[in-house]
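> Structure for this input, please:
(2 chains)
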There are 2 protein chains.
Amino acid sequence: MAEEECLTELELAIQVLVFNFYKYVPRRSLVRNKISKSSLRKMLQTEFPHMLTDTGNRKAADKLIQNLDANHDGRISFDEYWTLIGGITSPIANLIRQQEQQNSD
Amino acid sequence: MAEEECLTELELAIQVLVFNFYKYVPRRSLVRNKISKSSLRKMLQTEFPHMLTDTGNRKAADKLIQNLDANHDGRISFDEYWTLIGGITSPIANLIRQQEQQNSD
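Numbering: from 1, shown residues only, chains lettered A, B, ... in the order given. Next up is the predicted model:
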């Protein structure tokens, strides 16, 4: 990748999401490139203190984790992590859309 | 959502991704909450100048857009946008993983 100062705001934001994933991958299991479900729960508590509380979608997040649990592979890949965060973010994106609509009325 | 200064680095990064989506939603079609495929291509050129060039996965991005094209609904929802960026990011995440492995050898 290019030097960090050249990256756009969006590219930097995506880097933050990637680094956050690897922060929860234990170094000894780096080859497997996955995080445990318990680490995922810890991540949600630590990294999403406002999004999950203020938007009232903690229950939705719990359901998303349960669905990941249903895979029974015991580990979360980067793609599963990305999907999970998308599921958490989607209702927040709607909220922002609604606020924009109210502001433009 | 809580005041911006309270948000974690991850929450701020996700906000950037949400705001980037709405930047490409025309105001007059805000109710539909979708962006056009041509706007999506423009977004990729503008917002991903390094990730798509330096990692050589522009062809993969083109394929991902083609798959979205296959839906024939003519518009990209937030969830489709999130999935597309995940598809672009996934190989980059692997690249970072490989670099981390080399550094730890």
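> So, low pLDDT: which residues of chain A?
Scanning chain A for pLDDT under 70 picks out A:1-5, A:29-32, A:53-58, A:69-72, A:96-101, A:103-105.
> Spatially central residue in it, please.
Among the residues of chain A, the one closest to the centroid is A:Ile85, at 3.1 Å (C-alpha atoms, centre = their mean).
> tell me what the helix or strand containing that residue is packed against?
Using DSSP states H and E, A:Ile85 sits in helix A:78-104. On a contact count with 3 or more C-beta pairs under 8 Å, 6 or more residues apart in numbering or on different chains; DSSP states H and E, helix A:78-104 meets helix A:9-23, helix A:37-47, helix A:51-54, helix A:58-69, helix B:9-23, helix B:78-104. To be clear about C-beta, it is placed using only N, CA and C from the backbone, and glycine gets the same treatment.
> ok, 10 Å please
helix A:9-23, strand A:35-36, helix A:37-47, helix A:51-54, helix A:58-69, helix B:9-23, helix B:78-104 (3 or more C-beta pairs under 10 Å, 6 or more residues apart in numbering or on different chains; DSSP states H and E).
> and these as a markdown table, adding distance to B:Leu44?
Below are the helices and strands packed on helix A:78-104 laid out as a markdown table (distance: least, C-beta to C-beta, whole Å):
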| stretch | distance to B:Leu44 |
| --- | --- |
| helix A:9-23 | 10 |
| strand A:35-36 | 28 |
| helix A:37-47 | 27 |
| helix A:51-54 | 26 |
| helix A:58-69 | 27 |
| helix B:9-23 | 11 |
| helix B:78-104 | 8 |
